[in-house]
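Peer 1: Requesting a structural model of the entry that follows:
(one chain, ligands or ions: 1)
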Amino acid sequence: MSASRGRFIAFEGGEGAGKSTQARLLAEALRARGLGVVVTREPGGTPGAEAIRNLLLAPPGEGWPPQAEALLFAAARADHVTHLIRPALARGDWVICDRFVDSSRAYQGGAGGLGDAAITALHAFGSDGLRPDRVILLEGDEAALAERLAARGAEIDAIEGRPAEYHRAVAAAFRGLAERDPAGFARIEAIGAPTDVHALILAEISDLLA
Ligand code: TYD
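Peer 2: Numbering: from 1, shown residues only. Okay, here's the model as predicted:
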């Protein structure tokens, strides 16, 4: 348990941007300062939300209609916020989350065409509109990110496997969200050595550590 108040940091960006690595490095740096840290991810983070994750990333039928997909992400998030994120923040821990509601805004709202108002309304209903203290948006050139993804060689899920045009629209939507909320988002150039990217991230959250 830490003396200072808990903070909520979300990592966002497209596939292959290195969010999980950076979430881990940030957690290590914060723990070294004596802070309590919980690292989690979306969709998932709790047993209920992980069950929904499986439904989303490997749909049992012919694929979710866009509205159902958005509802499932919001439902997973509501469980995660209630059972993990809010209790951790209430204890005074820092929460580092690999993706949060801005992924729904960029993927389902932007690239998926549902619009931002619908996603924001679902988040208000499901999670009382909880916002991170800072969103770290990891950005990079499309070709460089694709190369990283190929090198990772992980299995491709139902959303990752969508066409390049969809992923381009996701990146553009993230950019738009960050431009409209410069205090809430830190945009980080993610192509570089992980330790260099980590240093940029630490500098961007230094005000929250004070
Ligand atoms: P994940 O394994 O977290 O992907 P990555 O390693 O690229 O972060 O898989 C999550 C997938 O779900 C990813 O393609 C992004 C997508 N997603 C949404 O479409 N909406 C959301 O709200 C969230 C949280 C994820």
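Peer 1: In the protein, mark out all the strands, start to finish.
Peer 2: For the chain, applying DSSP state E gives strands covering 8-13, 37-41, 94-98, 134-139, 185-189.
Peer 1: Who are the packing partners of the fourth one?
Peer 2: The one in question is strand 134-139. strand 8-13, helix 19-32, helix 164-180, strand 185-189, helix 194-204 (3 or more Cβ pairs under 8 Å, 6 or more residues apart in numbering; DSSP states H and E). Yep, even glycine has a C-beta here, placed from its N, CA and C like the rest.
Peer 1: Which residues of this protein lie near the ligand?
Peer 2: Applying Cβ under 6 Å from any ligand atom, we find that the chain lies next to the ligand at 15, 19, 41-43, 73, 99, 103-104, 107-108, 157, 159-160.
Peer 1: Please indicate which of those residues are buried?
Peer 2: E15, K19, R41, E42, P43, F73, R99, S103, S104, Y107, Q108, I159 (16 or more other Cβ atoms under 10 Å).
Peer 1: Spatially, and excluding backbone neighbours, which residue is closest to the fourth one.
Peer 2: Counting by Cβ to Cβ, 6 or more residues apart in numbering, R99 is the residue found nearest to E42 once chain neighbours are left out, at 4.4 Å.
Peer 1: Could I get the phi/psi values of that neighbour?
Peer 2: phi 80, psi 140 (degrees, to the nearest 10).
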